[in-house]
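**Student:** Here is a sequence with its predicted model. Questions after.
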There are 2 protein chains.
Amino acid sequence: MAGRTKVLIVDDHPLFRSGLRQVIAADARFDLVGEAGDGEAALKFILEKKPDIAVLDVNLPGLTGLEIARKLQGKKNPTRIIILTMHKEEEMINRALDSGVGGFVLKENAVEDILDAIAAVAEGGHYLSPSVSGFLVRRRNRAESLAAEKPGLDNLTKAERRILKLIADKKTSKEIAAELFISPRTVEAHRANISTKLELHGSHSLLQFALENRSSL
Amino acid sequence: MAGRTKVLIVDDHPLFRSGLRQVIAADARFDLVGEAGDGEAALKFILEKKPDIAVLDVNLPGLTGLEIARKLQGKKNPTRIIILTMHKEEEMINRALDSGVGGFVLKENAVEDILDAIAAVAEGGHYLSPSVSGFLVRRRNRAESLAAEKPGLDNLTKAERRILKLIADKKTSKEIAAELFISPRTVEAHRANISTKLELHGSHSLLQFALENRSSL
DNA sequence: GTTTGTCTAGGTAGGACTACCTAGAAAAAA
DNA sequence: TTTTTTCTAGGTAGTCCTACCTAGACAAAC
């Protein structure tokens, strides 16, 4: 990276902003080129001044940080985004990644993490606060351990598992039957057994389950 | 972290292993406590010696690195996993995260990244090779730009968009109708129009689409 | 050797979604 | 204001899935 990394910080809380300012300004690698307190000003600054990194709070008056990220992506703007948030909600993290965000830092860890995050993202990398990634892992483990407590995937027989995979491939019972050289009625019998074992009820619940758990099959 | 981080490296290619060995052994923070060349030996070592970190190749004779990770998770084993891979395939990364993997390092970047990865993961963090995360972002951008080329979500009207969101919430047409105080037949008419605009055909294709694109709605 | 589990497959019923069609009322655009 | 789009809603038909049921063949476990 030639020269110092140009950084913009955006947060509607002046006190938090000044804390961030001190931490970033004290690091020789970074050059704090601007601040903003709301979404519109932030977007304007980014489009005009093109800083290397924009550190955005999620909860911003006007545009949220995620909305700014989404507007920017595809616009071949060189500025990479780091999102600051209070909440470690899985859905928000997914949305952030979908919006082309380069980093995701929890406010409670901001002081310790933000410098590493800026450095990593400036070099084209990706940064998640350790507690965020820990949360992601925990969430996934929880999903698996729930599956272990529950009737669960483990109770499925070979044939059931094979069919469940094909369901996750969006195949109908008829298509699955043709592929396995068995009767569609047999496939439906397996479906029924799978649904019973997994305690799935209601319309197309098995298809939904298969799509959501495709990776664990 | 008390003392040095105990590290196990597992790869079936002796040459690559020795390269890795030199890099890790040269760092004072880490203590290389073992090596293995196949999956079974690796799993045995992990269960018995409980290193802090296991660096696993994906392509291993016997068990793959991902399979080891999956077997370990939930077993309250303290060892955290870093996966080494040649391929930056999205599906594999997702599976790795689902398996509770702490780090994901591309072999082409291994020499530069592995030390950072071990340090981050040993402290409870999460590490993705910059080029992997770059790939993830690129993949997501590609998905969005494809959506822009295609007939796309943009052509949907307000009512259609509202209904599509509710479909993604796994609600049936009847439930959606009750929620919006309209006839189920109206909801079905909207479904039909949405499917036409998105060029979706076949059984439950709209439900599938809604579930897969929930985050972009 | 009998029991248990699994795979197979059919009957019947009903709910939910797709695929076509028409058509009036309301809102938005020209 | 006229035209177009959108929202509303119904008809009919067919497919797919769920929810119950029974039942024979076969292999593994007891």
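**Tutor:** Structure received. Numbering: from 1, shown residues only, chains lettered A, B, ... in the order given.
**Student:** Would you verify that A:Val23 is located in a helix?
**Tutor:** Yes. Remark: A:Val23 belongs to a helix, assigned using DSSP: H, G, I helix; E, B strand; the rest coil.
**Student:** Which strands or helices does the helix or strand encompassing A:Arg185 pack on?
**Tutor:** Assigned by DSSP states H and E, A:Arg185 belongs to helix A:184-198. The contact analysis (3 or more C-beta pairs under 8 Å, 6 or more residues apart in numbering or on different chains; DSSP states H and E) places helix A:184-198 against helix A:158-168, helix A:173-180, helix A:205-212. Heads up, the C-betas are built off the backbone N, CA and C, glycines and all.
**Student:** I'd like those written out as CSV, with distance to A:Ala41, mean pLDDT and mean neighbour count added.
**Tutor:** Below are the helices and strands packed on helix A:184-198 laid out as CSV (distance: least, C-beta to C-beta, whole Å; pLDDT from 0 to 100; neighbours: other C-beta atoms under 10 Å in any protein chain shown):
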stretch, distance to A:Ala41, mean pLDDT, mean neighbour count
helix A:158-168, 46, 89, 18
helix A:173-180, 54, 90, 17
helix A:205-212, 39, 87, 18
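**Student:** Select, out of those, the one closest to chain B.
**Tutor:** Chain B lies closest, by C-beta to the nearest C-beta, to one member of those: helix A:205-212, at 5.5 Å.
**Student:** neighbours around A:Ala110, how many?
**Tutor:** If you count neighbours by other C-beta atoms under 10 Å in any protein chain shown, A:Ala110 ends up with 20.
**Student:** what's the answer for the one 4 residues further on, then?
**Tutor:** For A:Ile114, the tally of surrounding residues (other C-beta under 10 Å) stands at 26.
**Student:** and what of A:Ile83?
**Tutor:** Other residues close to A:Ile83 by other C-beta under 10 Å number 27.
**Student:** does it belong to a helix or a strand, and which?
**Tutor:** strand A:80-85.
**Student:** Contacts for that strand next, please.
**Tutor:** Contact with strand A:80-85 is made by A:11, A:52-59, A:65-66, A:68-69, A:72, A:92, A:96, A:99-107, A:110, A:114, A:117-118, A:121-122, A:127, as judged by C-beta atoms under 8 Å, 6 or more residues apart in numbering or on different chains.
**Student:** That strand: partners in the sheet, and parallel or antiparallel?
**Tutor:** strand A:53-57 (parallel), strand A:103-106 (parallel) (DSSP bridges).
**Student:** now could you export just the CA positions of the last one as CSV?
**Tutor:** I take that to be strand A:103-106. What follows is strand A:103-106, C-alpha atoms only, in CSV (Å, rounded to 0.1, in the frame of the first residue of the first chain):
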residue,chain,number,x,y,z
GLY,A,103,-15.1,-6.0,8.0
PHE,A,104,-17.5,-6.4,10.9
VAL,A,105,-16.5,-5.1,14.3
LEU,A,106,-18.5,-5.2,17.5
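**Student:** From the chain's centroid, how far away is that strand?
**Tutor:** Taking C-alpha atoms, centre = their mean, to the nearest Å, one finds the center of strand A:103-106 at 11 Å from the center of the full chain.
**Student:** Which other helices and strands does the helix or strand following that strand contact?
**Tutor:** Note on strand A:103-106: by DSSP H and E, the next helix or strand toward the C-terminus is helix A:110-122. Secondary-structure packing of helix A:110-122 (3+ C-beta pairs under 8 Å, 6+ apart): strand A:5-10, helix A:14-25, strand A:53-57, strand A:80-85, strand A:103-106, strand A:127-128.
**Student:** and the next element down the chain from the longest one?
**Tutor:** Yep, that's helix A:14-25 we're talking about. strand A:30-36.
**Student:** Contact residues of chain A facing DNA strand C?
**Tutor:** By C-beta under 7 Å from any atom of the strand, the residues of chain A that approach DNA strand C are A:157-160, A:180, A:182-186, A:189-190, A:203-204.
**Student:** Mind doing that once more with 10 Å?
**Tutor:** A:155-163, A:177, A:180-194, A:197, A:202-204, A:207 (C-beta under 10 Å from any atom of the strand).
**Student:** who's in contact with the residue nearest to A:Arg191 when sequence neighbours are not counted?
**Tutor:** Spatially, and ignoring its direct neighbours in sequence, A:Arg191 is nearest to A:Leu206 (5.8 Å; C-beta to C-beta, 6 or more residues apart in numbering or on different chains). Contact analysis of A:Leu206 by C-beta under 8 Å, 6+ apart lists A:Ile167, A:Arg191, A:Ile194, A:Ser195, A:Leu198, A:Leu200.
**Student:** And the buried ones among those residues, selectable in PyMOL?
**Tutor:** If you want just the buried ones from those in PyMOL, going by 16 or more other C-beta atoms under 10 Å in any protein chain shown, the selection is:
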select buried, chain A and resi 167+191+194+198+200
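**Student:** Would you agree A:Lys174 is in contact with A:Thr186?
**Tutor:** No. Taking contacts as C-beta atoms under 8 Å, A:Lys174 lies outside contact range of A:Thr186: 11.5 Å.
**Student:** Is A:Pro78 within a helix or a strand, and which one?
**Tutor:** Here A:Pro78 is assigned to no helix or strand, by DSSP H and E.
**Student:** nope, A:Leu43 is what I was after
**Tutor:** Residue-wise, A:Leu43 maps onto helix A:39-49 under DSSP H and E.
**Student:** Which among the strands paired with strand A:80-85 is found nearest to A:Leu47?
**Tutor:** Nearest to A:Leu47 among the strands paired with strand A:80-85 is strand A:53-57; the distance by C-beta to C-beta comes to 10.7 Å.
**Student:** before we move on, back to that, may I see the helices and strands packed on helix A:110-122 arranged in TSV, with mean pLDDT as well?
**Tutor:** Shown next, in TSV, are these (pLDDT from 0 to 100):
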stretch	mean pLDDT
strand A:5-10	94
helix A:14-25	91
strand A:53-57	93
strand A:80-85	89
strand A:103-106	82
strand A:127-128	73
